[in-house]
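Peer 1: sequence and predicted structure below; questions after.
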Amino acid sequence: MNNVVICEANEINLKSTLDGGQAFRWHGKEDSYRGVIEDKVYIIFREENLINAKCINSKIDSAELLKIKRYLGIDFNLDNFKKKYKKNEYIYKLIKQNQGLRILKQDPWESIVSFITSSVSNISKIKKNINELCILNGKKIGDGEYDYIFPNDVEIIQIGEIELRKIGFGFRAPYLIDAAMKSLDNKINMNSKNDKYDDKLSELTNIKGVGRKVADCIMTYGYGRRDSFPVDRWVRKGLIDNLGYNPALSNDKLSELAQKKFKNDSAYVQQYIFYGEKTS
DNA sequence: ACTCAGGGTCGAC
DNA sequence: GTCGACCCTGAG
C-alpha cells in the first residue's frame, strides 16, 4: 500500500469536497476519508501540508494517480476563479470562507442514481440509501464496512423495485428502475462531452424522477460540465437573499437566469453558494 | 406520540 | 403555472 502525493493541502478541502453533498460514499472526518472510485478502495488524507492517497487493492502507479486527480478535480484553477469574483462581495466571501472546495468528477451512472435518490431527502439519508444499495449488491472489494463496487444498470434491475423499497428508497425506487432500463437500452450517453446543454438536459429529464435540478446535478458532478447551475432550496435562498433575484421565480427559471449570467462558472458559483448557505 | 422538513418530480387540472 | 401526492427518517 504505497502512498502517493496528490497535491498541497491548501489546494483541496477534503471535508467540504468529499462529504459536502456532491458524493455520498466517502466516510471519515476532517482530514481523512475512505471511499471507492470505480473498483478500488482509496484512503485520501492530509499529512502535514500534503494531500496523500493510498489504495488498499493495489499499488498506485502514475496512470492511477492521474485518475485520482481527475476525480478530485485538481485541474480546476481555484485561484483564477477566486480573483474573477473579487468584486462580487457575496460570492467572494463564500470562496474565501470555503477555500479548497472543489467539484468532483464522478461516474455518470453513479451520479444519476445518487441524485434521483437525493429528491426531497437529506445528505445523511442519501448516504444511507446509497450505501445500503451497494451492500445489497454485494460486490465487496475490501475489509471495510463500505468497501463495495457501485451496482450497474443490470444489477439494479435485478435487485428490483420491491427490494429497493425495502431498503428505504420509497417513491424513488421505480425511478431508479426506469433509469437502469434506459441505460441498458443505450438511451443515455455516458461519455458525452460536447453535447449542447439543452440536448443533454432533455436526454436526462427523459428519465423518470429527473427534473431540471437533478439533471443539473448529474451534469455537474457526473459529466464534468461547468455550464450547469443546479438550484435547490439552499441555492434558491442564496440567489434571492444575496444576489437580488426575484423570489417569485421558479427554481427552473432561476437556474436558467443564473446560467446565463455565470456561463462556464455556473457549476462552481453554485457549489460555493450551496455549501455556504447550507453550513451557515 | 406527533409534527416537520430534507440538494424535487409527477400527473392532473 | 399551480397543487397535492409521493416514501422514509431523524430531529425537535
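Peer 2: Looks like it arrived, so ask away.
Peer 1: what's the nearest residue in the stretch 151-280 of chain A when you look at DNA strand C?
Peer 2: residue A:170 (2.5 Å; Cβ to the nearest atom of the strand). C-beta here means a position set from N, CA and C on the backbone, and glycine is covered the same way.
Peer 1: is residue A:191 in a helix, a strand, or coil?
Peer 2: Here residue A:191 is recorded as coil under DSSP: H, G, I helix; E, B strand; the rest coil.
Peer 1: with adjacent residues omitted, what lies nearest to it?
Peer 2: residue A:108 (8.0 Å; Cβ to Cβ, 6 or more residues apart in numbering).
Peer 1: and the gap between that neighbour and DNA strand B?
Peer 2: 16 Å (Cβ to the nearest atom of the strand, to the nearest Å).
Peer 1: need the contact list for that residue.
Peer 2: Residues near residue A:108 by Cβ atoms under 8 Å, 6 or more residues apart in numbering: A:188, A:190, A:191, A:218, A:222, A:223.
Peer 1: just give the nearest non-adjacent residue to the first one, would you?
Peer 2: If you skip the residues right next to it in sequence, residue A:188 has residue A:182 as its closest partner in space, 5.5 Å away by Cβ to Cβ, 6+ apart.
Peer 1: which residues of chain A lie near DNA strand B?
Peer 2: A:20-22, A:118-123, A:125, A:171, A:205, A:207-215, A:217, A:230-235, A:251, A:270-271, A:274, A:278 (Cβ under 7 Å from any atom of the strand).
Peer 1: what residues does the least confident helix or strand in chain A by mean pLDDT touch?
Peer 2: In chain A, the helix or strand scored least confidently by mean pLDDT, DSSP states H and E is strand A:27-29, which has a mean of 93. Here strand A:27-29 makes contact (Cβ under 8 Å, 6+ apart) with A:14, A:15, A:18, A:19, A:33, A:34, A:35, A:45, A:145, A:146.
Peer 1: and the buried ones among those residues, selectable in PyMOL?
Peer 2: Restricted to buried positions by 16 or more other Cβ atoms under 10 Å, the PyMOL selection for the contacts of strand A:27-29 reads:
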select buried, chain A and resi 14+15+18+19+33+34+35+45+146
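Peer 1: from the contacts of strand A:27-29, which ones fall inside strands?
Peer 2: Of the contacts of strand A:27-29, the ones assigned to strands by DSSP state E are A:33, A:34, A:35, A:45.
Peer 1: ok, now which ones touch residue A:45?
Peer 2: A:14, A:28, A:31, A:32, A:33, A:51, A:52, A:53.
Peer 1: which strand residues bridge it?
Peer 2: When assigned by DSSP bridges, residue A:45 has beta-bridge partners residue A:32, residue A:52.
Peer 1: domain assignment for chain A?
Peer 2: A:4-75, A:77-101+A:226-280, A:108-222 (automatic domain parsing).
Peer 1: how much space between residue A:35 and DNA strand B?
Peer 2: When distance is defined by Cβ to the nearest atom of the strand, residue A:35 is 16 Å away from DNA strand B.
Peer 1: same deal with residue A:39?
Peer 2: 24 Å.
Peer 1: need the contact list for the closest residue to that residue other than its chain neighbours.
Peer 2: In space, and not counting its chain neighbours, residue A:39 is closest to residue A:149: 5.3 Å by Cβ to Cβ, 6+ apart. By Cβ under 8 Å, 6+ apart, residue A:149 lies in contact with A:36, A:38, A:39, A:134, A:137, A:139, A:141.
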